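Engineer: Need coordinates for the following:
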Amino acid sequence: MEASDISVVHFSPGRIRLRIPKLRGDESAAEALSRKLARIATVMHVHINTATASVLVLYDPEAPKASSALSSIAKTVGLPSDGLADHEVEKRLETAARGATQSGPSPMSNLVKSFASILNRGVGKCTLGTMDLRFLVPAFLVGMGVHSALRSRPLPLPAWYNYFWFAFGIFRAYNQRDEKQD
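Structural biologist: Coordinates of the predicted model:
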């Protein structure tokens, strides 16, 4: 396997997820790689999904030789690690994983933000600028909390204090942003 074909999808101490396109649909290659990875002393679990070409390796990060295990894992799957100290291999994996996950907001995220912005402008127009969603969402949750607390029979709704907690959290989060901008 060539290193250029392999991408680090996620890395955290004890867990590495790699994408290796050459494993897609190749059960025998996946099984061979799984056996090789399982032979590494600190590796606890290996799962390879040939449909997605995904390799998940769980290892014991507290083991005395955990950092050298990272070098062994990298070497086994074909990532360049020759001549690098074990902590340098770990830094490379972290950097590669950050690059894979920080490619920018997804199109769905942009769509949701755009919709919320349009809705917020509409609320502002309807209330002549006196309210926006940063006030109305927490206010709605407080209202639901009061409604839930006053109901005589239990409904499949969250407890009244959960609404207050959510309202407080949302209000604080939305309004801290204003303080930072000022």
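
Engineer: Just after the helix-or-strand element of the chain with minimal mean pLDDT, pick out the following helix or strand.
Structural biologist: Within the chain, no helix or strand scores below helix 86-101, which has a mean of 66 by mean pLDDT, DSSP states H and E. Per DSSP states H and E, the first helix or strand lying C-terminal to helix 86-101 is helix 107-126.

Engineer: Check the offset of that next one from the chain's centre.
Structural biologist: 24 Å (Cα atoms, centre = their mean, to the nearest Å).

Engineer: Kindly export stretch 38-53 (C-alpha atoms) in CSV.
Structural biologist: Provided in CSV are the C-alpha atoms of stretch 38-53 (Å, rounded to 0.1, in the frame of the first residue of the first chain):
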residue,chain,number,x,y,z
ALA,A,38,-3.3,-7.8,15.8
ARG,A,39,0.2,-9.1,16.3
ILE,A,40,1.4,-5.7,17.6
ALA,A,41,1.6,-6.1,21.4
THR,A,42,-0.5,-3.1,22.5
VAL,A,43,-3.2,-3.5,19.9
MET,A,44,-6.4,-4.6,21.6
HIS,A,45,-8.9,-4.6,18.6
VAL,A,46,-8.8,-4.2,14.9
HIS,A,47,-11.9,-3.7,12.7
ILE,A,48,-11.7,-3.4,8.9
ASN,A,49,-14.8,-2.5,6.9
THR,A,50,-14.1,-3.4,3.3
ALA,A,51,-17.3,-1.6,2.1
THR,A,52,-16.0,1.7,3.3
ALA,A,53,-12.2,0.9,3.2
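
Engineer: begin at 32 from here
Structural biologist: In the new numbering, first residue 32, that becomes stretch 69-84.

Engineer: those strands in this protein, which residues are they?
Structural biologist: Here the chain has its strands, by DSSP state E, at 38-43, 46-50, 74-80, 85-90.

Engineer: Next one: residue 50 relative to residue 84, how far apart?
Structural biologist: Remark: distance between residue 50 and residue 84 (Cβ to Cβ, to the nearest Å) = 6 Å. Glycine gets a C-beta too; all of them are placed from N, C-alpha and C.
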